[in-house]
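[1] mind looking at a prediction? Sequence and model below.
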Amino acid sequence: MITVSQLAKEIGVSPQSIYKKVNYTLSESLKIHITKESGKTLIDTKGEAILKKSFNKPLPNVQQQFNNNSTTENTLLYEALIKQLEEKDNQLKAKDSQIDKLQILLDNSQQLHHTEQKKSLLLEHDKTNNKFTTWFKNL
């Protein structure tokens, strides 16, 4: 006799999955193989074999269809991802081009600003010199 939780660990499923099989799916064939003791559900060796068999039934047609669909879906997904990557590469190239243009504009703006500052300083310097020369001329 084995408990539901022990069988679940052995099969690699949850105890709830075992209870679903016991109460719904296989209830008729398992009734005679299940007993309850001290609040625990116990399953005899024949019931254990039935449950193990029910969890290990592969569905070859469904599995094969899944594999075929999966391969097709993987191919489509792969192609879509490659297309997205190409789009992203093109977008990055466009952004790099925009950044280069903006960098050139910024450099030009800074040079212009620097030139304007020099002119402004020269004008101030000239005004100051004119004041001194005018003052000395008036003497």
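    Nice, thanks for sending it over. Treat the numbers as computed from the prediction; the structure is a model and nothing was measured. Numbers count the residues shown, from 1 in each chain.

[2] all contacts plus neighbour counts: C-alpha atoms, from now on.
    OK.

[3] where is the longest helix in the chain?
    helix 60-138 (DSSP state H).

[4] what's the offset of that helix from the middle of its chain?
    Distance, stretch centre to chain centre, for helix 60-138: 28 Å (C-alpha atoms, centre = their mean, to the nearest Å).

[5] and stretch 2-15, what's buried?
    Buried residues in stretch 2-15, defined by neighbour count with 16 or more other C-alpha atoms under 10 Å: I2, T3, V4, S5, L7, A8.

[6] kindly report the same for stretch 84-100.
    Buried, per 16+ other C-alpha under 10 Å, within stretch 84-100: nothing.

[7] distance check, K9 against Q16.
    12 Å (C-alpha to C-alpha, to the nearest Å).

[8] just the CA atoms of the helix or strand of the chain with the lowest mean pLDDT, as PDB, please.
    Least confident helix or strand of the chain, by mean pLDDT, DSSP states H and E, is helix 27-30 with a mean of 79. Extracted in PDB, the C-alpha atoms of helix 27-30 (Å, rounded to 0.1, in the frame of the first residue of the first chain):
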ATOM      1  CA  SER A  27     -13.100   6.100 -10.500                       C
ATOM      2  CA  GLU A  28     -14.800   2.900 -11.500                       C
ATOM      3  CA  SER A  29     -11.700   0.800 -12.000                       C
ATOM      4  CA  LEU A  30      -9.900   2.100  -8.900                       C
END
